[in-house]
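**Student:** Dropping the sequence and predicted coords here.
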Amino acid sequence: MAEADFSLQWILDPVDRAEFLEAYWEARPLVVARGRPDHFRHLLSLEEIDRVITTMNLAHPDVQMVNAAEDIRADRYTYRNGMIDVVKLYQLFADGSTIILPQLHTRVPPLAAFCRGLEREFGCRFQTNIYMTPGEAQGFKPHYDAHDVFVLQIAGSKDWRLYGTPVELPLKGQRFNSERHETGAVSQTFTLHPGDMLYVPRGLVHDASSSDEVSLHITTGVMASTWTDLMLDALSAVALEDVEFRRSLPFGFAGDGFDRAPARETFARLIERFAAKADLDEVLEHFVDDLVSTRHPLLQGQMSQLARLDTLTVDDEAGVRPELIHRIQETVDSVRIDCYGREISMPAHAAPAVRHALEQQRYRIADLPGDLDDSGKLVLIRRLVREGLVRLL
């Protein structure tokens, strides 16, 4: 299978990425009806979903079922030990219930590569939840999500309805509650066909129902960090260094006669101290480190890569692994690569070659820049291949 360009622009095409970020991101929905049914063919298919369900010995909650018309308990499609009863699962599906495969990117390599490409662009985690709905059925009642989503239609078609936004850009804990949140009037209706895409900002109420055929779509969740997350981390960092933030609340503050005026003064003073001491760069570095250190290797084909190392020559071509998320830091004595939760150090004079090797998609080993001789270039590439950072082409 040829590789796809798993990028934001690939999802949006023909809409320009800059236009999306300026006019739509976290602001309003976007529907891309591109008329190319095979646009997402690299990601998933009905046949692949059937293979996953019938051969992987999955258990609940790795497979779930929903139906807008009734509550579908897990014991209706699982054995006593929690394993999926495929016969009952497909019977319920045939009767109108939707099959959900949460976090399928942890099991299907193209979905993992897709998420990793977006993680590198956005700087945050991504996830994929898969929804397969039988004809003329609906899985969920109107609701909003607490994270932005890109919906990729794979097979069949689905009729969508968008409503209002009862909570603008809700935080992770501000989940939809049908008893508290008004859905609002229908604001937009449309049908997604294979190859089409829908962007839904968090907080926008929506629902969907399938047409007369089986519908399969990928809901790609953007697990973004917010300024609230950063401010909370910054406050925690300041509190660790400044005892004033660690003092107890005033004695008797819960009593009816408590005078809050001094407490207001203390509160205002602490806000000023926080503003003066909070270090954006330090806290932002923690977010970067968290992303880089937790992106585990996606090394399909690594066994064959290692088998080629003994016959490697400088005329061979290599390239950075497309799923790699890393950082390079240089000191007087060394160049350090941070990735996969570990540090890889090399001599400082190898820095130009290291940067080139980890920034370019394709290059001839002999053409690596810097002062490494041919033997040194081969040593470098062998090391980077063994570490899972570079692949031979």
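**Tutor:** Perfect, I can see it now.

**Student:** I'd like to know how far Asp196 sits from Gly35.
**Tutor:** Asp196 sits at a distance of 8 Å from Gly35 (criterion: C-beta to C-beta, to the nearest Å). (C-beta placed from N, C-alpha, C; glycine too.)

**Student:** Correction: the previous question concerned Glu179.
**Tutor:** According to C-beta to C-beta, Glu179 stands 41 Å off from Gly35.

**Student:** Compare these two (neighbour count), which wins?
**Tutor:** Gly35 (10 against 4; other C-beta atoms under 10 Å).

**Student:** May I have the phi/psi pair for the closest residue to the more buried one other than its chain neighbours?
**Tutor:** In space, and not counting its chain neighbours, Gly35 is closest to Gly195: 7.2 Å by C-beta to C-beta, 6 or more residues apart in numbering. When quoted as degrees, to the nearest 10, the phi and psi of Gly195 stand at phi 90, psi -10.

**Student:** wait, Gly195 sits on Asp38?
**Tutor:** Yes. Using C-beta atoms under 8 Å, Gly195 is in contact with Asp38, at 6.5 Å.

**Student:** Those two: who's more crowded?
**Tutor:** Gly195 (18 against 8).

**Student:** which residue ranges form the helices in the stretch 201-350 of the chain?
**Tutor:** 227-241, 261-277, 280-294, 302-307 (DSSP state H, counting those that start in this stretch).

**Student:** Redo those as a markdown table? Include distance to Met132 and mean pLDDT.
**Tutor:** Listed next are the helices of the stretch 201-350 of the chain as a markdown table, based on distance: least, C-beta to C-beta, whole Å; pLDDT from 0 to 100:
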| stretch | distance to Met132 | mean pLDDT |
| --- | --- | --- |
| helix 227-241 | 33 | 97 |
| helix 261-277 | 48 | 97 |
| helix 280-294 | 29 | 96 |
| helix 302-307 | 31 | 97 |
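
**Student:** Pipe those into TSV and attach mean neighbour count per row.
**Tutor:** Shown next, in TSV, are the helices of the stretch 201-350 of the chain (neighbours: other C-beta atoms under 10 Å):
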stretch	mean neighbour count
helix 227-241	14
helix 261-277	11
helix 280-294	13
helix 302-307	12
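
**Student:** Export these to TSV and append columns for distance to Thr189.
**Tutor:** Below are the helices of the stretch 201-350 of the chain laid out as TSV (distance: least, C-beta to C-beta, whole Å):
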stretch	distance to Thr189
helix 227-241	33
helix 261-277	46
helix 280-294	37
helix 302-307	47
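
**Student:** Could you list the low-confidence segments of this structure?
**Tutor:** Within the chain, the ranges that satisfy pLDDT under 70 run 1-4.

**Student:** Okay, domains of this structure per the record?
**Tutor:** The chain resolves into domains spanning 8-223, 227-292, 302-392 when parsed by automatic domain parsing.

**Student:** centroid residue for this structure?
**Tutor:** For the chain, Phe126 is the residue whose C-alpha lies nearest the centre (C-alpha atoms, centre = their mean; 0.5 Å).

**Student:** got the contact list for Val292?
**Tutor:** Under the criterion of C-beta atoms under 8 Å, 6 or more residues apart in numbering, the neighbours of Val292 are Ile325, His326, Arg327, Asp338, Cys339.

**Student:** which non-adjacent residue is nearest the second one?
**Tutor:** Of all residues not flanking His326 in the chain, Cys339 sits nearest, at 3.7 Å (C-beta to C-beta, 6+ apart).

**Student:** same thing with the third one?
**Tutor:** With C-beta to C-beta, 6+ apart as the criterion, Arg327 has its nearest non-adjacent residue at 4.4 Å, and that residue is Asp338.

**Student:** residues near that neighbour, how many?
**Tutor:** With other C-beta under 10 Å as criterion, Asp338 counts 17.

**Student:** try Pro102
**Tutor:** Pro102 has 17 nearby residues by other C-beta under 10 Å.

**Student:** For Ala94, see how far away it is.
**Tutor:** Taking C-beta to C-beta, one finds Pro102 at 22 Å from Ala94.

**Student:** do Arg125 as well
**Tutor:** 35 Å.

**Student:** circling back to that earlier point, tell me if I'm right that the residue nearest to the centre of the chain and Arg120 touch.
**Tutor:** No. If you go by C-beta under 8 Å, Phe126 and Arg120 don't touch, sitting 9.9 Å apart.

**Student:** before we move on, back to that, ok, the residue nearest to Gly35 to Cys115 distance?
**Tutor:** The gap separating Gly195 from Cys115 is 19 Å, by C-beta to C-beta.

**Student:** Met132 contacts Ser97, correct?
**Tutor:** No. Under the criterion of C-beta under 8 Å, Met132 is not in contact with Ser97, lying 10.0 Å apart.

**Student:** Kindly list the main-chain dihedrals of Thr128?
**Tutor:** Note on Thr128: its backbone torsions stand at phi -130, psi 130 [degrees, to the nearest 10].

**Student:** nope, Asn129 is what I was after
**Tutor:** Phi and psi for Asn129, reported as degrees, to the nearest 10, are phi -110, psi 130.

**Student:** That one bridge partners, please.
**Tutor:** Thr219 (DSSP bridges).

**Student:** Adjust the sequence numbering to begin at 271 for everything that follows.
**Tutor:** Fine by me, first position is 271 from now on; the one you just mentioned is Asn399.

**Student:** what's the neighbour count on it?
**Tutor:** The number of residues packed near Asn399 is 17, by other C-beta under 10 Å.

**Student:** what does the one 3 residues further on give?
**Tutor:** Residue neighbour count, defined by other C-beta under 10 Å, stands at 22 for Met402.

**Student:** which SS class is it?
**Tutor:** strand (DSSP: H, G, I helix; E, B strand; the rest coil).

**Student:** where's it relative to Phe363, distance?
**Tutor:** 7 Å.

**Student:** Which strand or helix spans Ala627?
**Tutor:** Using DSSP states H and E, Ala627 sits within helix 621-629.

**Student:** Need the residues touching each of Met402 and Phe363.
**Tutor:** Taking C-beta under 8 Å, 6+ apart as the contact rule, Met402 and Phe363 both touch Ile369.

**Student:** For Gly387, see how far away Ile607 is.
**Tutor:** Going from Ile607 to Gly387 by C-beta to C-beta gives 20 Å.
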